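S.K.: Fold the following and give me the result.
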Amino acid sequence: MSADLEGMLREALIGQLATLHAGVKEQADALTEAQFWVKPIEPGNSFGHLVLHLTGNLKHFAGAVLLKTGYVRDREREFTEPAPPSKAVALAGLDEAVAQFNQAARTAPLTEPHPEARFGSVVNALLTLLTHFAVHRGQFSYIRRMVEQGQAVAS
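M.R.: Okay, the predicted model is just below:
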């Protein structure tokens, strides 16, 4: 891969995640602390639990696996955390996770095999993380609207 193409790809990954991340934060700003943790349906996820999930996903696959941060993921707890952190703390964790993704996108050897074979290459893993984030970004919009309209169950 040429250096120009590689640089463009790295910047595209970072830029696309920045756009998605900003959208999540904008949606979160519209919610109160209580609304952040309310589930619109049961079974389902609150806005906050999806933030914890994306945080865990990025901190595991970009942070722990590619950057060797030592992060240990508890995926189940991302959806079931009985004593969730404040909205501000949850969003700060997502900020940290996005920063780890950005660092991995800037420095990881894109054409090398990813340590988890199911991803194939590092670039494919980063694209998969970006796509996963995008899917949940859409869910955040629906959750916010349902919660604001009172179409929710207590979490």
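S.K.: For the protein, which segments count as helices?
M.R.: Along the chain, the segments classed as helices by DSSP state H run 3-29, 33-36, 47-58, 75-80, 87-107, 122-148.
S.K.: out of those, which comes closest to residue 68?
M.R.: helix 87-107 (10.5 Å; CB to CB). Bear in mind the C-beta positions are built from the backbone N, C-alpha and C, glycine included.
S.K.: Name the surrounding residues that touch the closest one.
M.R.: Under the criterion CB atoms under 8 Å, 6 or more residues apart in numbering, residues 10, 13-14, 17-18, 21, 24-25, 28, 31, 33, 36-37, 48, 51-52, 54-59, 62-63, 66-67, 69, 84-85, 126, 129 lie in contact with helix 87-107.
S.K.: So how do I select the buried members of those in ChimeraX?
M.R.: The following ChimeraX selection, which keeps only the buried ones among those, applies the criterion 16 or more other CB atoms under 10 Å:
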select :10,13,14,17,21,24,28,31,36,37,48,51,52,54,55,56,57,58,59,62,63,66,67,69,84,126,129
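S.K.: Tell me the confidence at the residue nearest the centre of the chain?
M.R.: The centre of the chain sits closest to residue 54, judged by CA atoms, centre = their mean, with a distance of 2.8 Å. The model reports residue 54 with a pLDDT of 98.
S.K.: ok, now residue 153?
M.R.: 56.
S.K.: try residue 148
M.R.: pLDDT at residue 148 comes out at 86.
S.K.: picking that back up, could you dump the helices of the chain into a markdown table and include distance to residue 116?
M.R.: Shown next, in a markdown table, are these (distance: least, CB to CB, whole Å):
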| stretch | distance to residue 116 |
| --- | --- |
| helix 3-29 | 18 |
| helix 33-36 | 31 |
| helix 47-58 | 13 |
| helix 75-80 | 14 |
| helix 87-107 | 13 |
| helix 122-148 | 7 |
